[in-house]
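Peer 1: Got a sequence here, can you build the structure:
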Amino acid sequence: MGWSIPIGRILGTEIRLHLTFVLFLLWIGAAYYAQGGWDAAVEGVAFMGLLFACVVLHEFGHVLAARRYGVQTPDITLLPIGGVARLERIPEEPAQELVVALAGPAVNLVIAVLLVLALGGVPPMEAAAPQDAGAGLAGRLFWVNLFLVGFNLIPAFPMDGGRVLRALLAWRMGFARATQVAASVGQMLAIGLGLLGLFGNPLLLFIALFVWMGAAGEAHAAQLREVSRGLRVADAMVTRFESLSPASTVDNAVQCLIRTTQHDFPVVDGGGRLRGVVTQDAIIRALRERGPETPVLEVMRPDIPVVHHRGSLEEALRLLQDKAVPAVGAVDQDGRLVGLVTPENLGEMMLLHAARPARANPWQRPA
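Peer 2: Coordinates of the predicted model:
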């Protein structure tokens, strides 16, 4: 996820902190300091550390539940509205997704129960406000965990409730349709939150933005998955493109950029093998900072994955998303580059697929 920084790795899963989460921490710290000075600020830091741990435990509830079904989790991103565990794939069975989605809130519920047992009863509601410097840490933590349970079960992406709703709907209407319905519910909820936010609560506007983006992103990912299902890389790859040689310079890349509609250019050696990709941003940055005679080998992105052109398009899509690369190379049996799979041509396939909803996939070929 953009605007996030890695802060560590636990059990093979990278923990990332979204920059907006940092702003949220600063706001809470300032609220504590304004109420009670440095002593309150130190207590506030301790509380936020415990809250941080609860959010991470929540996300690892999802991680461990997903691993039960053979699904790995590359990373977890911490946001002001909670965390987002990025699964390498969505479990195929609705029951599996339901278990994975509910595992996170279940962790917070267990933490709340343990706190009640430790405190000898339910703490007063006055402890619920996280910026209240006068309340005990354990009491605030109890109410925050209950809030995390309720908030995450709101039926909207990217909250767990959106995935719960999709899993329940998928039993009757299939994954793709269930995703569209759940995403629409989430976006309607985002509109409602946004309207409420206009009447004096800017935090609701912030939450509405995240909900809208999460719903749109989930719907887009589901559409891509539906379009790519059963297709080969050769059915979607771009086969007509301009390439550069390892001896090319940034100036050569500039000329290609001007005379074509391409934004990214593969660097291919004499044997037809992919060495990397030079992006439009890299070309402009190198031209400004290093000069036109800079070799493209020094500015290209070398970590471009390749797949066989007769392989699964779903695998190419997974690599494109997981590696956050501008393209995936399609190669023949000798390892020579014969095509590229890019977000742009996949987007065009989605538009064509949406224009023919009642017909069979026009790119499907016999196996």
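Peer 1: Let me know how buried residue 123 is, in neighbour terms.
Peer 2: By other C-beta atoms under 10 Å, 19 other residues sit near residue 123. Bear in mind the C-beta positions are built from the backbone N, C-alpha and C, glycine included.
Peer 1: now it: how far from residue 148?
Peer 2: Look at residue 123 and residue 148: by C-beta to C-beta, to the nearest Å, they are 16 Å apart.
Peer 1: Then residue 328?
Peer 2: 37 Å.
Peer 1: go on, residue 197?
Peer 2: According to C-beta to C-beta, residue 197 and residue 148 sit 21 Å apart.
Peer 1: So these two - more neighbours on which side?
Peer 2: Taking neighbours as other C-beta under 10 Å, residue 197 and residue 148 compare with residue 148 leading, 25 against 17.
Peer 1: what's the nearest residue to that one if we skip its chain neighbours?
Peer 2: Leaving aside its chain neighbours, residue 148 sits nearest to residue 108 (4.5 Å; criterion: C-beta to C-beta, 6 or more residues apart in numbering).
Peer 1: The one you found: how many residues sit nearby?
Peer 2: For residue 108, the count of nearby residues is 24 (other C-beta under 10 Å).
Peer 1: Residue 78 too?
Peer 2: Residue 78: 22 surrounding residues under other C-beta under 10 Å.
Peer 1: Surely it is within a strand?
Peer 2: Yes - counting by DSSP: H, G, I helix; E, B strand; the rest coil, residue 78 is located in a strand.
Peer 1: Quick check: bridge partners of it?
Peer 2: Applying DSSP bridges to residue 78 gives these bridge partners: residue 17, residue 83.
Peer 1: Report the mean confidence score over the strand or helix carrying residue 24.
Peer 2: Residue 24 is part of helix 19-68 when elements are defined by DSSP states H and E. Helix 19-68 carries an average pLDDT of 77.
Peer 1: by contact count, what packs against it?
Peer 2: Packed against helix 19-68 by the contact rule (3 or more C-beta pairs under 8 Å, 6 or more residues apart in numbering; DSSP states H and E) you find strand 4-10, strand 13-18, strand 75-79, strand 82-86, helix 94-119, helix 137-152.
Peer 1: among the ones you listed, which is nearest residue 177?
Peer 2: Of all those, helix 94-119 sits nearest to residue 177, with 12.3 Å by C-beta to C-beta.
Peer 1: Could you list the low-pLDDT ranges of the stretch 201-350 of the chain?
Peer 2: For the stretch 201-350 of the chain, applying pLDDT under 70 flags the ranges 203, 223, 226-227, 350.
Peer 1: can you give me the strands for it?
Peer 2: 265-268, 274-278, 306-308, 328-331, 337-341 (DSSP state E, counting those that start in this stretch).
Peer 1: would TSV of these with mean neighbour count and distance to residue 65 be doable?
Peer 2: Shown next, in TSV, are the strands of the stretch 201-350 of the chain (neighbours: other C-beta atoms under 10 Å; distance: least, C-beta to C-beta, whole Å):
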stretch	mean neighbour count	distance to residue 65
strand 265-268	24	40
strand 274-278	23	36
strand 306-308	18	30
strand 328-331	24	30
strand 337-341	23	31
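Peer 1: can you put these in TSV and add distance to residue 181?
Peer 2: Output for the strands of the stretch 201-350 of the chain, formatted as TSV (distance: least, C-beta to C-beta, whole Å):
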stretch	distance to residue 181
strand 265-268	40
strand 274-278	37
strand 306-308	32
strand 328-331	31
strand 337-341	29
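Peer 1: Out of these, flag the one nearest residue 219.
Peer 2: Among the strands of the stretch 201-350 of the chain, strand 337-341 sits nearest to residue 219 (C-beta to C-beta), with 20.9 Å.
Peer 1: centre of the chain versus that closest one, how much separation?
Peer 2: Centroid separation between strand 337-341 and its chain, computed with C-alpha atoms, centre = their mean, to the nearest Å, is 26 Å.
Peer 1: If I take that strand and strand 274-278, what angle do their directions form?
Peer 2: Here the directions of strand 337-341 and strand 274-278 differ by 40 degrees (axes from the mean of the first three to the mean of the last three C-alpha atoms, to 10 degrees).
Peer 1: Check which helices and strands strand 337-341 sits against.
Peer 2: By 3+ C-beta pairs under 8 Å, 6+ apart, strand 337-341 packs against strand 265-268, helix 313-322, strand 328-331.
Peer 1: Please verify my assumption that residue 169 contacts residue 181.
Peer 2: Yes - taking contacts as C-beta atoms under 8 Å, residue 169 lies within contact range of residue 181: 5.6 Å.
Peer 1: Have a look at those two and say which one is more surrounded.
Peer 2: Neighbour count, other C-beta under 10 Å: between residue 169 and residue 181, residue 169 has more, with 19 against 16.
Peer 1: so who does that one touch?
Peer 2: Neighbouring residues of residue 169 by C-beta atoms under 8 Å, 6 or more residues apart in numbering: 177, 178, 181, 182.
Peer 1: Compute the number of surrounding residues for residue 305.
Peer 2: Around residue 305 there are 17 residues (other C-beta under 10 Å).
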